[in-house]
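Visitor: Mind folding the following:
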Amino acid sequence: MSGTSRSGVLRTVLVILSLPLVLALVEAESFRALNRNNGTMVSSGEQREYLLYVPTSYDRSKPTALVISMHGAGLWPAAQMAISQ
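Guide: Got it, this is the predicted structure:
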């Protein structure tokens, strides 16, 4: 095997081996972006974070219900949004 052929194979193997790391980093950033809280409040003396979601269909001129959906400690905001729709 020539030197250039060997380096090409090595480069291909390195690219293939790095793909899971790149995919994990992309997934981690996606998870972080979906679960980023955008507000805080104090409750029972503790600062709590929340995620305020306003649907694009919201119309300020019409009365609209406020829905508060709380998740347990083992869940995260995006999962709660998906479950509760």
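Visitor: Could you name the specific helix or strand carrying the residue nearest the centre of the chain?
Guide: Most central in the chain under C-alpha atoms, centre = their mean is residue 31, positioned 2.1 Å from the mean C-alpha point. Per DSSP states H and E: residue 31 is located in helix 3-34.
Visitor: next one: the next helix or strand along the chain from that helix to chain centre, how far?
Guide: Helices and strands here follow DSSP H and E; after helix 3-34, the next one along the chain is strand 39-43. Chain-centre distance of strand 39-43: 21 Å, with C-alpha atoms, centre = their mean, to the nearest Å.
Visitor: Please save the CA atoms from strand 39-43 in PDB.
Guide: Taking C-alpha atoms only, strand 39-43 is exported to PDB below (Å, rounded to 0.1, in the frame of the first residue of the first chain):
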ATOM      1  CA  GLY A  39     -37.800  33.400  33.100                       C
ATOM      2  CA  THR A  40     -37.400  33.100  36.900                       C
ATOM      3  CA  MET A  41     -39.600  33.700  39.900                       C
ATOM      4  CA  VAL A  42     -39.400  33.200  43.600                       C
ATOM      5  CA  SER A  43     -41.600  30.600  45.200                       C
END
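Visitor: what helices or strands is it leaning on?
Guide: strand 46-50 (3 or more C-beta pairs under 8 Å, 6 or more residues apart in numbering; DSSP states H and E). From N, CA and C alone the C-beta is placed, and that goes for glycine too.
Visitor: hmm, who's touching the helix or strand just after the strand it packs on?
Guide: Using DSSP H and E, the helix or strand that follows strand 46-50 in sequence is helix 77-84. Applying C-beta atoms under 8 Å, 6 or more residues apart in numbering, the external contacts of helix 77-84 come out as 31, 34, 35, 37, 51, 53, 69, 70, 71, 75.
Visitor: Now the two most distant members of those residues.
Guide: Greatest spatial distance among the contacts of helix 77-84 (C-beta to C-beta): 31 and 70, at 20.1 Å.
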